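Colleague: Any chance you could fold what I've pasted below:
(2 chains)
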Amino acid sequence: MKKEELPQDESALKAMTRELLYVKDKEGKYTTGLSTGWEVKKAALDNAWDDIKERVEAARLAVKNGEKSPVYYFMELRLMDFPVLSGYTGFWTFNIKRHLKPAVFKNLSEKKLAVYAKAFDIKVEELKNFKG
Amino acid sequence: MKRIENKGTGSLKKATLEKEFKHIQTAHCENGATTSLLRYHGLDFMTEPLAFGLGSGIFYIHIPFLQVNNGPAISYRSMPGWIFSRTCKSLGVKVTRKKFGNNEAAAKAYLDQKIKEGVPVGCQVGVFNLPYFPPEYRFHFNAHNLIVWGKENGNYLISDPVMETVTSLSEEDMIRVRFAKGPLAPKGHVYFPENVKPVSKEVIQKGIIKGIKRSARDMLHIPGNIAGVDGIKYTANHIRKWREKLGPRKAGLYLGQVVRMQEEIGTGGGGFRFLYAAFLEEAHAYIPNDELLSISQDFTKVGDLWRASAVQMGRIYKGRINNEQADFVTCADMLLEIADLEKQAFLKLKKLDLD
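Modeller: As a prediction, this is how the structure comes out:
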């Protein structure tokens, strides 16, 4: 890629930094250039976030309809999968999957709820009282 | 957040540091940490492409049955931590690393002690709670690297290699990012070079040769079909099936993930291939074999093709659901062409007589 071809599209990086890329100068030698972003990857990131929002909304509805426990909703909201949530809580994936069932969640100890609340960075009350 | 304005490679002098610490912006965080730390210790020849080449950073792997952020697990570089370790090893630099399990207090005390001693320290962190990252970029990615080079008014002074300027982190935020959990959890991991002695040109030359040969070996001969140039073919074959298997929408999201792994901040563009081309060009200054320049051109071409494949994938996922199987076939064919060109380039590197 030539330096003058380096895309300068607007992206979410704006608030943080321009990114450094390796490009060719006019003599054909490598140099670095700064870019504000590239619309091709911005579209990929935007799509990923649209998908996340849809997943969170679907999770909210699942809690509302009594199909899933609030753990499921906050897991999606915090972009967590089982390995990540397992890392933050210390619970086995097998147990987390059980805790996604409303009937099991209802009987969770305060201690376990507190662990989840801490992992999700919310108060225990928020977790307990989330109705979707 | 307090941001200290200091553009580009501005010099920073703290009373606690022996010398001034220079913030250097790089494409990739681990290359950057390696470059800045070694330069701080007097190895002025160190650059990002050199760190990437000595550390054999270039790679490709597509891990099957594993999902990352609900998409395919693909990487264009070698394992986190290896670039720093290998680069230091090839230059005869001793590395100290420390992890702290769950002991946050010990991790904090150790970092504070090192700063007091005037030692800039590399830190592995998770980006999910990294406050200066834009929210759109905060995923549970735990192998980001930054350098802590001082402390002021209770805040850590941070040189994040992917940023144009230096920044800072509160003690609380620092603990959170150092003790992010999940895959590749940093566990407070810190690292720094020690007893750095001057490095001769011969040692650098040897390191370059070793780095090149190791990359060629990894890309051409790693067993199995998911890594190296075979891994690129593996992805191509999957792309062919994605639309039918996952439906148009999810298949598009998967392609988006490929493009992000390849082009997002930290790669230098073209899935690190431009960075590798820059390394080969720089290697020529140490080992004046003109083939290095011609193979560097090959990697530039490969990088351009990776970018072109991203554009083609972008056409698909921008349309969301209005995509056709033929578009996926085009992408897959482009990746096969890339795999072939990379194979030729690495074969040339493998056969290259640099001694």
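Colleague: Counting neighbours, which bits of the one helix or strand B:Leu253 maps to end up buried?
Modeller: Assigned by DSSP states H and E, B:Leu253 falls within helix B:248-263. Under the neighbour-count criterion of 16 or more other C-beta atoms under 10 Å in any protein chain shown, helix B:248-263 has B:248-249, B:251-263 buried. Heads up, the C-betas are built off the backbone N, CA and C, glycines and all.
Colleague: Give me the contact list for the following helix or strand past that helix.
Modeller: Using DSSP H and E, the helix or strand that follows helix B:248-263 in sequence is helix B:273-286. Under the criterion C-beta atoms under 8 Å, 6 or more residues apart in numbering or on different chains, residues A:1, A:21-23, A:29-30, B:27-28, B:31, B:47-50, B:52-53, B:57-58, B:76, B:201, B:204-205, B:208, B:212, B:215, B:267-269, B:290, B:292-293, B:295-300, B:302-303, B:306 lie in contact with helix B:273-286.
Colleague: Now, the residues you listed that are in strands?
Modeller: Applying DSSP state E to these, the entries found in strands are A:21-23, A:30, B:58, B:76.
Colleague: Mind putting these into JSON lines with neighbour count?
Modeller: Formatted as JSON lines, the ones in strands among the contacts of helix B:273-286 follow (neighbours: other C-beta atoms under 10 Å in any protein chain shown):
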{"residue": "A:Leu21", "neighbour count": "24"}
{"residue": "A:Tyr22", "neighbour count": "29"}
{"residue": "A:Val23", "neighbour count": "23"}
{"residue": "A:Tyr30", "neighbour count": "20"}
{"residue": "B:Ile58", "neighbour count": "26"}
{"residue": "B:Tyr76", "neighbour count": "24"}
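Colleague: and of those, the nearest to A:Lys118?
Modeller: Each of those was scored against A:Lys118 by C-beta to C-beta, and B:Tyr76 proved nearest at 34.9 Å.
Colleague: For burial, what's the neighbour tally of the residue nearest to the closest one when sequence neighbours are not counted?
Modeller: Spatial nearest neighbour of B:Tyr76, excluding adjacent residues (C-beta to C-beta, 6 or more residues apart in numbering or on different chains): B:Gly271 at 3.8 Å. B:Gly271 has 29 neighbouring residues, counting by other C-beta atoms under 10 Å in any protein chain shown.
Colleague: Test my guess that B:Gly271 contacts B:Gly303.
Modeller: Yes. B:Gly271 lies in contact with B:Gly303 (C-beta atoms under 8 Å); the separation is 7.4 Å.
Colleague: So the nearest residue to B:Ala180 once chain neighbours are set aside versus B:Lys187, what's the distance?
Modeller: Distances taken as C-beta to C-beta, 6+ apart place B:Gly126 nearest to B:Ala180, at 2.4 Å, with adjacent residues excluded. B:Gly126 sits 11 Å away from B:Lys187, going by C-beta to C-beta, to the nearest Å.
Colleague: The two: who's more crowded?
Modeller: When neighbours are counted by other C-beta under 10 Å, B:Gly126 and B:Lys187 differ, and B:Gly126 comes out ahead with 25 against 18.
Colleague: picking that back up, filter the buried residues of helix B:248-263 to keep only those in contact with chain A.
Modeller: B:252-253, B:255-257, B:259-260, B:263 (C-beta under 8 Å from any C-beta of the partner chain).
Colleague: what mean pLDDT does stretch B:62-74 have?
Modeller: The average pLDDT for stretch B:62-74 rounds to 92.
Colleague: Mind checking what secondary structure B:Tyr156 has?
Modeller: Following DSSP: H, G, I helix; E, B strand; the rest coil, B:Tyr156 is assigned to strand.
Colleague: Now do the same contact list for it.
Modeller: Counted by C-beta under 8 Å, 6+ apart, B:Tyr156 has contacts B:111, B:115, B:148, B:150, B:168-171, B:174.
Colleague: right, is the longest helix seen in chain B up against chain A?
Modeller: Counting residues, the longest helix in chain B under DSSP state H turns out to be helix B:290-318. Yes. Helix B:290-318 reaches chain A (C-beta under 8 Å from any C-beta) through B:296, B:300, B:303-304, B:307, B:310-311, B:313-314, B:317-318.
Colleague: which parts of the stretch 151-300 of chain B sit against chain A?
Modeller: So the stretch 151-300 of chain B meets chain A at B:162-165, B:181-183, B:185, B:252-253, B:255-257, B:259-260, B:263-266, B:268-270, B:274-275, B:277-278, B:281-282, B:296, B:300 (C-beta under 8 Å from any C-beta).
Colleague: just the buried members of the residues you listed?
Modeller: For those, buried by 16+ other C-beta under 10 Å: B:162-165, B:181-183, B:185, B:252-253, B:255-257, B:259-260, B:263, B:265-266, B:268-270, B:274-275, B:277-278, B:281-282, B:296, B:300.
Colleague: now the helices for the chain?
Modeller: Picked chain A for this. A:39-64, A:70-77, A:82-89, A:93-99, A:102-106, A:110-120, A:124-129.
Colleague: that answer is for a different chain, and I need it for chain B
Modeller: Applying DSSP H to chain B gives helices spanning B:29-40, B:48-54, B:82-90, B:104-116, B:171-178, B:201-221, B:228-246, B:248-263, B:273-286, B:290-318, B:325-351.
Colleague: Could I get the buried residue list for the third one?
Modeller: Right, the one you point to is helix B:82-90. For helix B:82-90, the neighbour count (16+ other C-beta under 10 Å) marks B:83-88, B:90 as buried.
Colleague: For burial, what's the neighbour tally of residue 93?
Modeller: Using chain A here. Quick note: A:Thr93 (other C-beta under 10 Å) scores 12 neighbours.
Colleague: Hmm, no, I was thinking of chain B.
Modeller: Neighbours of B:Val93 using other C-beta under 10 Å come to 20.
Colleague: where does the closest residue to it other than its chain neighbours land on pLDDT?
Modeller: Spatial nearest neighbour of B:Val93, excluding adjacent residues (C-beta to C-beta, 6+ apart): B:Pro193 at 4.8 Å. As predicted, B:Pro193 sits at a pLDDT of 96.
Colleague: contacting residues around B:Pro193?
Modeller: Per C-beta under 8 Å, 6+ apart, neighbours of B:Pro193: B:37-38, B:41, B:88, B:93-96.
Colleague: What parts of chain A come near chain B?
Modeller: Residues of chain A lying near chain B (C-beta under 8 Å from any C-beta): A:1, A:12-24, A:29-30, A:32, A:34, A:38-41, A:43-45, A:47-49, A:51, A:55, A:79-81, A:83-88.
Colleague: change it to 7 Å
Modeller: Proximity of chain A to chain B, by C-beta under 7 Å from any C-beta of the partner chain, involves residues A:1, A:12-13, A:15-22, A:24, A:29-30, A:38, A:40-41, A:43-45, A:47-49, A:51, A:79-80, A:83-84, A:87-88.
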